[in-house]
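Asks: Show me how the following folds:
(one chain, ligands or ions: 1)
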Amino acid sequence: MKKLELLPAVDVRDGQAVRLVHGESGSETSYGDPLEAALAWQRAGAEWLHLVDLDAAFGTGDNRARIAEVAGAMELRVELSGGIRDDDSLAAALATGCTRVNLGTAALESPAWVAKVIAEHGERIAVGLDVRGTTLRGRGWTRDGGDLFETLERLDAEGCARYVVTDINKDGTLRGPNLRLLRDVCAATDRPVVASGGVSSLDDLRAIATLVPEGVEGAIVGKALYAKAFTLEEALEAVAA
Ligand SMILES: O=C(O)c1ccccc1NCC(=O)[C@H](O)[C@H](O)COP(=O)(O)O
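Replies: Predicted coordinates for the structure are as follows:
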């Protein structure tokens, strides 16, 4: 069986690595220098980094230079997210050398542009499906953006390579992943799914790993690592095939 990929998260706000609760602006706890955090995950054996520009996602500025510095210093693969919504922000994101970018709001508000960039960049484009219930949320998760399964059907038809699926109610809460949501998304698409939000324990990761045959490819882990619920080394060991 394929092993579950783990993507430790570094979310950047105002130049600092932070964690949010439910992705809400203003709920952040600071964890210092994002480059230090990313290098620590790399030293611990991470193969991926999930790097988020929260200011770009919330429309409160951006951390482009900081994000480019972190992505450029990594030997591991980087998935870049947050505020990638037009040609300019996409070009800046791809120029960091990241392996792929994660589009969120654009997939809801600019479907024609997203179809175009999926056709142009293929595997370098993932779409973030950030949901409350089965309603998508955009603009830093502050605005409703349509039905999850209708959007998934459209993006599948456009050739979207993979999805990053986040249950916003779980994100940053250490309340466990929404396995039901992950199963439902996997049943609705044949594209790989990266699970995001709520991981609290090694058992949560083992539970996500049981969904690999259904189509879950990876899991993003944020708060649990920063809160030291377990180490990244322990997490990698827990999901080793
Ligand atoms: O990814 C985004 O674009 C984003 C936009 C607005 C708010 C939050 C956003 N991402 C947060 C994450 O990707 C988290 O790092 C990830 O879901 C980890 O969650 P957790 O393990 O529950 O801390």
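
Asks: What residues does the protein have near the ligand?
Replies: 9, 11, 19-20, 23, 50, 52, 54, 57, 81-82, 104, 128, 140-141, 166, 171-172, 196-199, 220-224 (CB under 6 Å from any ligand atom). All C-beta spots, glycine's among them, are computed from the backbone N, C-alpha and C.

Asks: from these, which ones fall inside helices?
Replies: Among the residues of the chain next to the ligand, the ones falling in helices (DSSP state H) are 54, 57, 223-224.

Asks: ok, the closest residue to the ligand within the chain - contacts?
Replies: For the chain, the residue closest to the ligand is residue 222, as judged by CB to the nearest ligand atom, at 2.7 Å. Applying CB atoms under 8 Å, 6 or more residues apart in numbering to residue 222 gives the contacts 8-9, 11, 19, 50, 171-172, 199.

Asks: repeat that with 7 Å
Replies: For residue 222, the contact set (CB atoms under 7 Å, 6 or more residues apart in numbering) comprises 9, 11, 19, 172.

Asks: tally of neighbours for the first one?
Replies: Burial of residue 9 is recorded as 27 neighbouring residues (other CB atoms under 10 Å).

Asks: I'd say residue 212 and residue 2 touch.
Replies: Yes. Counting by CB atoms under 7 Å, residue 2 is a contact partner of residue 212 at 5.5 Å.

Asks: who has more neighbours, the two?
Replies: residue 212 (20 against 11).

Asks: gap between the more buried one and residue 39?
Replies: Taking CB to CB, to the nearest Å as the criterion, residue 212 is separated from residue 39 by 28 Å.
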